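Asker: Have a look; sequence and predicted model below, questions after that.
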Amino acid sequence: MKKAIIIGATSGIGQEVAKLLIQQGWHVGIVGRREEALRTLQATAPEQIEIEKLDVTEPDAPERLHRLIDKLGDMDLFFLSSGVGNQNRDLKPEIELNTARTNVEGFIRMVTTAFDFFKERGSGHIAVISSIAGTKGLGVAPAYSATKRFQNTYIDALAQLARMQHLNICFTDIRPGFVATDLLKSGKYPMLMQADRVAWHIIKALKRKKRVAVIDGRYGVLVFFWRLIPRWLWERLPIKN
């Protein structure tokens, strides 16, 4: 039985991916800050699910991750779906810094722990949820878009490092468009996708071990044209919401 650990499985995309993997027979370790939500999901398939309460911003997160790996007995797939994001036109420092603590500091803490585990194990698959927001700096959400670009680049660097060290570790950088999760509570976004549908696309990408997966096809086209917009024009676009 294949074994996966999903960081950020108490809601949204992480929870939906966990459900699909369980349906496919995986043994899954689910992680999140809300223990009650973890236990509720565990009750749906107790023979397949192990849980661990974990906050990626806390120094003991790597220790807790290893504890969960021990409960599972191994880890084939590490899936990171833990992140925060807010619009912050007023540039409130606490919002920007909290975003960086989770999306940069927490991201590094968990991904490097997984990398080191797979290096010792001899193989593995690291998949992370970033965002199409990393394509360009979004004025309405500076820290969010910047931290997502950071995640894109960090995975690029780890993929190269794994190749340099002749490691059998593969990487999947998953870049969704707007998804109806807690991060987008208002729902006033174009081409809004449902988390269960996004999870279905993610499972396809994981099976194919895609290096980068923009979800879905509409956003793939959007990102293509975003990249073509020169900086001087991008800075003048009336991006709202």
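Answerer: Cool, got the structure.
Asker: Just say helix, strand or coil for Val84.
Answerer: coil (DSSP: H, G, I helix; E, B strand; the rest coil).
Asker: Now do the buried residues in the lengthiest helix in the chain.
Answerer: Looking across the chain with DSSP state H, the single longest helix is helix 142-164. Along helix 142-164, these residues count as buried under the neighbour rule (16 or more other Cβ atoms under 10 Å): 142-152, 154-155, 158-159, 162. Every residue, glycine included, has its C-beta placed from N, CA and C.
Asker: Closest one of those residues to Ser11?
Answerer: The closest of these to Ser11 turns out to be Tyr144 (Cβ to Cβ; 17.8 Å).
Asker: Give me the number of neighbouring residues for the residue lying closest to the closest one once chain neighbours are set aside.
Answerer: Spatial nearest neighbour of Tyr144, chain neighbours left out: Gly85 (4.0 Å); criterion: Cβ to Cβ, 6 or more residues apart in numbering. Residues near Gly85, counting by other Cβ atoms under 10 Å, number 21.
Asker: Hmm, Glu96 and Gly85 touching each other?
Answerer: No. Assessed by Cβ atoms under 8 Å, Gly85 is found out of contact with Glu96, at 11.2 Å.
Asker: Spatially nearest residue to the residue nearest the centre of the chain (excluding sequence neighbours)?
Answerer: Central residue of the chain (Cα atoms, centre = their mean): Ile129, 2.4 Å from the mean position. Closest residue to Ile129 apart from its sequence neighbours, by Cβ to Cβ, 6+ apart: Ser81 at 4.6 Å.
Asker: Can you give me the distance of the one you found to Val56?
Answerer: Per Cβ to Cβ, to the nearest Å, Ser81 is found 11 Å from Val56.
Asker: again with Met193
Answerer: Applying Cβ to Cβ to Met193 and Val56 gives a distance of 24 Å.
Asker: neighbour-wise, which of those two wins?
Answerer: Val56 (26 against 20).
Asker: helix, strand or coil for that one?
Answerer: coil.
Asker: What does it show for phi and psi?
Answerer: Dihedral pair for Val56: phi -60, psi -20, per degrees, to the nearest 10.
Asker: tell me which strands and helices the longest strand anywhere in the chain is in contact with?
Answerer: Ranked by residue count, the top strand of the chain under DSSP state E comes out as strand 168-176. For strand 168-176, the contact count by 3 or more Cβ pairs under 8 Å, 6 or more residues apart in numbering; DSSP states H and E identifies helix 107-121, strand 123-129, helix 142-164, helix 195-208, strand 212-215, helix 217-228 as packing neighbours.
Asker: Please point out which parts of that strand sit buried.
Answerer: Going by 16+ other Cβ under 10 Å, strand 168-176 has these buried residues: Ile169, Cys170, Phe171, Thr172, Asp173, Ile174, Arg175, Pro176.
Asker: report the angle between the axes of it and helix 142-164?
Answerer: 160 degrees (axes from the mean of the first three to the mean of the last three Cα atoms, to 10 degrees).
Asker: tell me the mean pLDDT for strand 168-176?
Answerer: What strand 168-176 shows for mean pLDDT is 97.
Asker: Show me what that strand pairs with in its sheet, parallel or antiparallel.
Answerer: If you go by DSSP bridges, strand 168-176 pairs up with strand 123-129 (parallel), strand 212-215 (parallel).
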